[in-house]
Structure formats: C-alpha cells, structure tokens
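Asker: coords please:
(one chain, ligands or ions: 1)
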Amino acid sequence: MERDYPLEKVRNIGIIAHIDAGKTTTTERVLFYTGVSHKIGEVHDGETTTDWMEQERERGITITSAAVTCFWTPTYAAITDKSKKHRFNIIDTPGHIDFTVEVKRSLRVLDGAVVVFDGVAGVEPQSETNWRYADEASVPRICFINKLDRTGASFEHSYSTILDRLTKKAVRMQIPIGLEDHHEGVVDLLKMKAYYFEGEMGNKVIEKDLSSLPENMKADAEKYHAELIEKIVEQDDAVMNDYLEGKVPDIDTLKKLMRKGVIANEIFPVFAGSALKNKGVQLVLDAVVDYLPSPTDIPAIEGVNPDTEEKDVRHASDSEPFAALAFKVATDPFVGQIIFFRVYSGTLAAGSYVYNPRTRNKERIGRILRMHANDREEVKKVYAGEIAAAVGLKDTITSDTLCDEEKPIELYRIIFPEPVIQLRVEPKTKADQEKMGMALNRLAQEDPTFKVSTDPETNETIIAGMGELHLEIIVDRMKREFSVETNVGKPQVAYRETITSTAEMEGKYIKQSGGRGNYGHVRIRIKPMDQNVDIDDLPKNVKREKGFEFINTIKGGSIPQEYIPACEKGFKEGLDRGVLAGFKLENVSVELYDGSFHEVDSNEMAFKIAASMAIQDACKIAKPVILEPMMKVEVVTPDKFMGDVTGSLSSKRGIIEGMEARGMNQAVKAVVPLSEMFGYMTSLRSMTEGRAGFTMEFLRYDIVPNSVATSIIESRK
Ligand code: GDP
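Answerer: Reported below is the predicted structural model:
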C-alpha cells in the first residue's frame with residue numbers, strides 16, 4: 001500500500017497561546033474552514049471539538065493535547081486543485097499555566113507552530129514561556145495577533161511587545177484594516193492586496209486592491225511593504241545584491257525566501273485578525289502551507305543506538321527503519337487507553353510489533369487511529385512524518401521511543417520539570433484503597449509531571465504536580481473516571497535539598513560474625529553537579545540523570561564490576577532521603593573512586609547499604625541547603641491598587657522585577673516563593689475589590705533563607 005499523501009504536503013503544527021488569547025476559538029475556525037467541523041462551537045457552549053474531557057468542558061480550558069487531522073487547499077488555489085491540498089495534523093496545546101509542560105511535550109513532535117496573541121494585551125507571561133520552549137526546540141513559528149475587534153485592541157502595540165519581549169526577527173506580514181468595531185479585514189503586505197471575509201462564518205475570502213483604502217493606510221502599507229521586502233531579501237545574498245541595485249524579486253521568489261527564513265528561525269511573520277469575528281484565519285492557514293516546514297524540511301531526528309550507545313539519526317523517509325516517539329498517553333472514551341505517536345521514519349502496519357528500547361520489550365500495536373475533529377478513522381498503516389494514535393500498547397509511557405527491533409534507536413527523551421507542589425490523599429472508604437492506587441498509577445502514566453509516592457514514615461499517599469489546579473483536576477478525574485472519592489490534605493511546597501560544597505567519605509557495611517557475612521566498602525567524593533556541561537561532552541565513565549551524576553573511577557577492581565550497579569542504587573536511595581529535612585537531594589555529583597571487597601562475604605545488598613551511608617554522611621558535611629520553588633508572578637491591577645499590590649508581594653519575600661502599563665491597568669512582575677503564594681487569589685481579590693488578577697508559573701529553585709530553613713526543618717520534626 002502506498003502513502004496517500006506526499007510528505008511535502010504534510011504540516012504537523014500546533015497552535016500555542018497564553019490562556020484566553022483565543023487558541024480554542026482559532027482552532028474551531030480552522031476546523032470549520034477545513035471542512036471537518038460543520039458547526040462552530042463557541043467556548044461558552046462547552047461544545048468545542050478538541051475538548052472532549054468532561055471537566056475541560058466545565059472549566060473551558062483544554063488540558064490534554066489531542067492530535068486532529070484536517071485538510072487545507074490554500075485560498076489562492078482552486079479548491080478543485082488536488083495538487084495543492086495539504087494535510088494538517090494539529091496538535092492541541094493547552095493554555096493554562098499549570099500545563100505548560102503539555103506545550104513542551106507537543107513542541108517536540110511539531111514541525112511548526114502558530115502563536116496566537118491577544119490584540120489588547122500583546123505578549124503575556126505565558127507567551128514568553130512558550131516562546132522560550134519553542135526556541136529551545138527550534139520550532140519555526142508564525143504569529144497571529146487575534147482579537148483585533150476588541151475594545152482597546154492595537155496591532156501596533158501587540159507587534160511592538162513581540163519585538164521587545166520575544167524576538168527582533170518578527171516582521172509584519174499584514175496590517176489590520178480598522179480596529180475594534182471597525183475591524184474589517186487585513187492588508188497583505190507581500191501581495192499588497194486587501195482581504196475581506198464574507199459569507200457564513202466569513203467563509204468567503206474577498207481580494208481587493210488597495211485603492212479604496214484611506215490615504216494614511218495606503219502610506220503605512222507602502223512603508224511596511226518595503227520593510228518586509230528588505231527582511232526577506234536578507235535571506236539570500238544574491239537576491240539582496242540585486243535588490244540593492246534596484247531589482248525587486250517577484251512574488252514567488254519572495255515567498256520561497258520567506259519560507260527559507262521561517263524554517264531557519266530567521267523570520268517570524270506576523271498576521272492579524274479576529275478569530276471570533278471570522279477575520280484572517282484562512283490566510284494564516286495559507287501561511288502554514290507557504291511558510292511552515294513539512295517533515296522533510298526539518299533536520300533528521302537524533303537519538304542513540306540502545307545497544308552501542310552510539311549517536312544515530314533517522315531521516316523523514318518511508319524507506320528508513322521505523323522510529324516513532326510516543327508523546328501522549330490518553331484515555332479515549334470509546335477505545336480506552338491510546339498512545340499518540342509521531343512517526344519520524346519508516347512505516348508501521350496495524351497488528352505488527354514495535355520495540356521499546358526503554359523496556360527492552362516488544363509490544364503489539366492493535367489498531368492505529370487517525371483522529372479527526374468528530375470521528376476516528378482506522379488506518380492500516382502509518383508513514384514517516386505522520387501523527388496517529390495506537391491502541392493496545394500497555395507498557396508504553398510518554399517520551400518512549402517505538403522502533404524496529406532489528407534497527408533499534410532511542411530518540412532523545414522529552415525532559416519535563418519536576419513537580420513543585422504536593423498533597424496527601426486518602427480514599428473516603430478503606431475499601432477504595434486499592435482502586436485509588438490503580439487510578440493514580442494510570443493518571444501518572446498519562447502525565448509525566450504528576451508523581452505519586454508514599455510517605456515512608458506515615459505510609460500516606462502523596463501526589464505531586466505543577467500547581468494547585470493541576471492536582472485539583474487529578475482528584476476530580478479520580479472521582480469521575482475511576483469512581484474513587486478522596487479526602488485531600490493541604491497543598492504543600494515540594495522542597496528540595498542540595499549541597500554547596502565538596503566532601504570525601506568512606507562507607508562501610510561489614511558484618512562478619514559466623515556463617516555468611518556482609519561486606520561492602522566504598523570511598524567517594526561528592527561535589528555540586530556542573531549544570532553547564534553538555535551531556536554529550538561527558539566522558540564515558542560519567543552517567544548523568546536529572547539531578548544526579550555518577551562517576552566511576554574504580555581502578556584495578558578494588559570493587560568488582562558486578563557490585564557497581566548496587567553502589568549506584570545505594571547513592572540514589574541515600575539522596576532520596578535527604579539530610580536536612582527529608583527532602584530529595586538534587587544536583588549531587590558522586591565519584592566512586594575506591595573501596596574493597598571480600599571474596600565470600602561481599603554481596604549487592606552490603607554495597608548498596610555502604611554506598612547509601614557514605615553519601616548521606618558526605619552530604620551532611622558538604623554544606624547542605626534547602627531549595628524552594630520560585631514562581632514568576634504577574635499581577636494586573638488598576639492603578640490605584642498598585643501600592644497595595646507591590647507591598648503585598650514584597651511582604652511575601654517577593655522581588656519586584658518591573659511594572660508596565662497594560663491598557664487601563666498596570667502589570668506588576670515579580671519573583672515570589674511558591675510557599676508564600678497559597679491563597680493569594682483570595683487576598684488579592686479582597687485587596688483590590690476583585691479587580692486585579694494574576695498568573696504564576698514555575699521559574700526555578702532557589703536556596704531558602706536561613707530563618708525560613710530553620711522553621712521548615714522544625715516543622716518536619
Ligand atoms: P484560549 O483560552 O486561548 O483557548 O481562548 P478562547 O478561544 O477560549 O478565547 C477566550 C475568550 O476570548 C472567549 O470568550 C472567546 O470568545 C474570546 N475570543 C476569542 N477570539 C476572539 C476574538 O478574535 N475577538 C474577541 N473579541 N474575542 C475573542
């Protein structure tokens with residue numbers, strides 16, 4: 001069976017935005033115009049096609065990222081021209097701050113993104129975070145300044161916030177015709193044409209020349225047209241030279257160069273419109289076709305051969321060995337657990353086996369589904385560059401590679417942030433204990449930033465996540481999907497510990513009194529881990545994981561190879577227990593350089609215990625400290641409460657980083673410890689007559705001040 005779509009006509013894209021910027025509405029319009037969805041579901045109806053989880057409907061936010069397939073023929077081509085038809089796989093990304101991790105996850109499997117901005121606010125804190133993630137992943141982007149029909153909307157202001165806060169490489173591709181109530185359409189600065197949207201849901205795109213526009217708009221269009229052309233010709237020296245000599249390239253050349261620039265992350269074109277008022281979205285879809293990459297335009301995906309640990313790559317081609325990345329585990333109401341995966345190379349037929357290098361096992365794929373907005377299509381085979389969902393994989397988790405057993409590769413894993421907040425849960429009835437465990441495991445499998453553990457002292461179950469809302473939703477899902485009712489404790493900060501100095505230590509576990517004894521003996525050095533080293537540059541004897549580095553410099557078999565893994569395990573266990581207040585020790589580098597063994601009495605357990613004691617004792621003298629999560633907070637408040645707001649943030653050990661006018665309001669940016677932010681919504685409301693709002697997201701871990709450390713340690717005793 002041949003592939004039904006040439007790779008060059010595939011676009012794997014995401015629509016990313018700050019919450020409320022209009023991502024859902026834009027996605028709805030996209031699905032409408034692409035003909036999949038025949039009815040527009042407004043967010044407040046709770047009918048959006050991508051949000052199928054119940055509580056998402058209630059909350060009106062998209063939490064899970066589902067992949068939706070649709071088709072688009074650009075507006076400048078005849079709708080009957082099959083050669084111009086493109087397949088879009090849209091990976092839904094949520095906007096809420098507690099779920100930025102979902103954005104990060106999706107970015108790994110996208111080839112390009114449309115970033116949606118609110119035309120009143122411009123760049124918002126979360127746009128910055130998402131932009132940063134996209135930079136890290138080198139994802140080409142086009143920008144869409146939405147909501148230009150809103151009171152207070154300003155394309156120019158929003159555009160300037162993109163330039164100031166995100167990138168100097170942005171350039172106007174369009175300017176709006178009219179704003180607020182007068183927002184009618186857009187001017188395309190490349191073609192120098194005006195576009196209007198008529199008919200049902202603006203379904204008909206009308207092209208006009210600029211003659212009917214007011215003089216000042218025509219002048220603006222001329223000015224920005226020149227600016228755009230200059231930016232584009234910069235992408236090619238020869239064209240640039242011609243241009244300087246007065247030869248202006250034709251539209252096709254300009255579009256080609258624009259495409260080159262966008263794919264190279266050298267240009268970020270900015271579009272304008274209003275999704276709600278059905279203006280501009282189709283032209284953004286045209287731009288997805290014209291400027292965002294197909295799977296063949298992006299570099300080959302990298303990974304390592306799990307057998308040899310050598311670097312390896314896979315190109316986007318059906319004839320290469322099969323390699324795919326599982327990027328989302330979800331529960332589908334109709335078929336149960338499904339795994340969304342992106343095929344990077346090769347093909348996969350339903351019913352065949354895939355190899356998972358993490359588990360070193362083969363698993364059988366039952367059915368393969370392609371998800372459309374309103375239905376699921378079963379497909380027999382998927383090809384390089386595609387995104388689909390698999391049914392029947394029991395042992396696959398987010399970020400696993402699925403590949404050909406004969407030609408194995410492990411693609412680089414997606415790195416997720418650690419949870420910063422935790423709370424205790426217990427089932428309302430004892431009988432539900434087991435069911436709760438099952439439910440939590442299932443949820444943890446779906447969500448890599450959600451962790452479940454047991455308090456070793458009290459035996460209570462602790463769940464940890466990225467924010468209060470995140471955990472609230474987990475508890476909610478336990479009730480709805482697994483019928484487990486729970487009592488939950490107060491949310492608490494997930495502190496960490498680390499060392500600030502070096503130490504050497506010896507650990508011995510020797511018991512040799514009659515019969516078979518125990519003998520484990522290690523000598524170690526520890527130091528804070530150097531974060532600035534690229535993992536690829538580390539020597540072979542260094543093993544690095546998140547927050548932990550193990551260096552093996554044992555010479556002459558003073559500890560036999562067979563006991564080394566036990567030592568490593570012992571170190572990890574020792575670090576997990578912490579030394580100050582029982583929080584996990586992080587960013588510790590341990591070198592195992594010497595030790596001794598006994599022919600008869602040595603065993604794995606003895607070495608594990610010796611290693612764990614050694615690292616605990618070493619950390620105690622290596623100036624340990626407690627770390628706390630710091631949050632990036634932005635409060636938007638009317639002027640007259642500015643003093644109260646900044647005062648309250650300062651009293652929370654917050655550091656005010658800046659303020660700026662935001663429409664009629666002021667936006668205050670600060671960095672504040674998470675422990676001080678519980679219940680902030682309520683106090684902010686009462687302080688500002690309910691007129692201020694805030695957003696917050698995890699920034700980094702910082703050392704807590706001494707006085708605070710003392711009280712944390714006291715409270716844990
Ligand atoms: P999301 O949180 O980014 O998914 O944003 P939504 O699409 O849910 O939009 C948030 C709110 O803004 C909803 O009430 C929408 O109706 C509204 N909205 C979205 N796009 C526009 C627009 O272009 N103009 C106006 N005035 N409102 C919009």
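Asker: Any residues of the stretch 1-150 of the chain in contact with the ligand? List them.
Answerer: Within the stretch 1-150 of the chain, the positions adjacent to the ligand are 17, 19-25, 43, 95, 146-147, 149-150 by C-beta under 6 Å from any ligand atom. C-beta coordinates here come from the backbone N, C-alpha and C atoms, glycine included.
Asker: same thing with the stretch 151-300 of the chain?
Answerer: Neighbours of the ligand within the stretch 151-300 of the chain, by C-beta under 6 Å from any ligand atom: 274, 275, 276, 277.
Asker: run the last query once more with 8 Å
Answerer: Applying C-beta under 8 Å from any ligand atom, one finds that the stretch 151-300 of the chain approaches the ligand through 273, 274, 275, 276, 277, 279.
Asker: To what extent is the nearest residue to the second one once chain neighbours are set aside buried, counted in neighbours?
Answerer: Right, residue 274. Excluding its sequence neighbours, the residue lying closest to residue 274 (C-beta to C-beta, 6 or more residues apart in numbering) is residue 149, at 4.2 Å. Close neighbours of residue 149, defined as other C-beta atoms under 10 Å, add up to 22.
Asker: gap between residue 149 and residue 114?
Answerer: For residue 149, the distance to residue 114 equals 19 Å [C-beta to C-beta, to the nearest Å].
Asker: One more: residue 169?
Answerer: Relative to residue 114, and taking C-beta to C-beta, residue 169 is found at 16 Å.
Asker: what do you get for residue 33?
Answerer: Residue 33 is 13 Å from residue 114, by C-beta to C-beta.
Asker: quick one: which of these two has more around it?
Answerer: Applying other C-beta under 10 Å to residue 33 and residue 114 shows that residue 114 carries more neighbours, namely 25 against 21.
Asker: ok so the more buried one is a strand residue?
Answerer: Yes - counting by DSSP: H, G, I helix; E, B strand; the rest coil, residue 114 is located in a strand.
Asker: How about it: what's its closest non-neighbour residue?
Answerer: residue 15 (4.9 Å).
Asker: Give me the three-state assignment for that neighbour.
Answerer: Put simply, residue 15 is strand when judged by three-state DSSP.
Asker: Ok, residue 601 next?
Answerer: coil.
Asker: what's the neighbour count on it?
Answerer: Residues lying near residue 601 (other C-beta under 10 Å) number 16.
Asker: before we move on, what about residue 27?
Answerer: 27.
Asker: again with the one 4 residues further on
Answerer: Residue 31 has 25 neighbouring residues, counting by other C-beta under 10 Å.
Asker: quick one: the strands in the stretch 201-350 of the chain?
Answerer: Under the criterion DSSP state E, counting those that start in this stretch, the stretch 201-350 of the chain contains strands at 204-208, 268-272, 301-304, 311-314, 323-332, 336-345, 348-349.
Asker: swap in the stretch 551-700 of the chain?
Answerer: With DSSP E, counting those that start in this stretch, the ranges of strands along the stretch 551-700 of the chain come out as 585-586, 588-596, 624-638, 655-662, 665-673, 693-703.
Asker: so which of those strands is the most packed in?
Answerer: Comparing those by mean neighbour count (mean count of other C-beta atoms under 10 Å), strand 585-586 comes out on top with a mean of 23.
Asker: what about that strand, distance to the chain center?
Answerer: Strand 585-586 sits 24 Å away from the centroid of its parent chain (C-alpha atoms, centre = their mean, to the nearest Å).
Asker: picking that back up, in the sheet, who's paired with the residue nearest to residue 114?
Answerer: residue 92, residue 114 (DSSP bridges).
Asker: does it really touch residue 26, like I thought?
Answerer: Yes - in this structure residue 15 lies within contact range of residue 26 using C-beta atoms under 8 Å: 5.9 Å.
Asker: which of those two has more neighbours?
Answerer: residue 15 (26 against 23).
Asker: Read off the pLDDT value for that one.
Answerer: With respect to pLDDT, residue 15 scores 89.
Asker: Which part of the stretch 51-200 of the chain gets nearest to the ligand, residue-wise?
Answerer: Across the stretch 51-200 of the chain, no residue is closer to the ligand than residue 147, which sits at 3.8 Å (C-beta to the nearest ligand atom).
Asker: Skip the chain neighbours and tell me the closest residue to that residue.
Answerer: Nearest to residue 147 is residue 119, by C-beta to C-beta, 6+ apart, at 4.3 Å.
Asker: so who does that neighbour touch?
Answerer: Residues near residue 119 by C-beta atoms under 8 Å, 6 or more residues apart in numbering: 145, 146, 147, 148, 150, 153, 154, 155, 158, 272, 274.
Asker: rerun at 7 Å
Answerer: Applying C-beta atoms under 7 Å, 6 or more residues apart in numbering, we find residue 119 in contact with 145, 146, 147, 148, 150, 153, 154, 155, 158.
Asker: Report the secondary structure state of the closest residue to the fifth one other than its chain neighbours.
Answerer: What that stands for is residue 150. Excluding its sequence neighbours, the residue lying closest to residue 150 (C-beta to C-beta, 6+ apart) is residue 120, at 5.3 Å. Secondary structure, three-state DSSP: residue 120 is coil.
Asker: Let me know whether residue 120 touches residue 152 as I believe.
Answerer: Yes - Residue 120 is within contact range of residue 152, at 4.7 Å (criterion: C-beta atoms under 7 Å).
Asker: so where do the helices sit in the stretch 351-500 of the chain?
Answerer: For the stretch 351-500 of the chain, applying DSSP state H, counting those that start in this stretch gives helices covering 433-446, 468-482.
Asker: got CSV for those, with mean neighbour count, mean pLDDT and distance to the ligand too?
Answerer: What follows is those, written out as CSV (neighbours: other C-beta atoms under 10 Å; pLDDT from 0 to 100; distance: least, C-beta to the nearest ligand atom, whole Å):
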stretch, mean neighbour count, mean pLDDT, distance to the ligand
helix 433-446, 17, 87, 21
helix 468-482, 18, 87, 14
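Asker: Export these as a markdown table, with columns for distance to residue 245.
Answerer: Shown next, in a markdown table, are the helices of the stretch 351-500 of the chain (distance: least, C-beta to C-beta, whole Å):
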| stretch | distance to residue 245 |
| --- | --- |
| helix 433-446 | 59 |
| helix 468-482 | 58 |
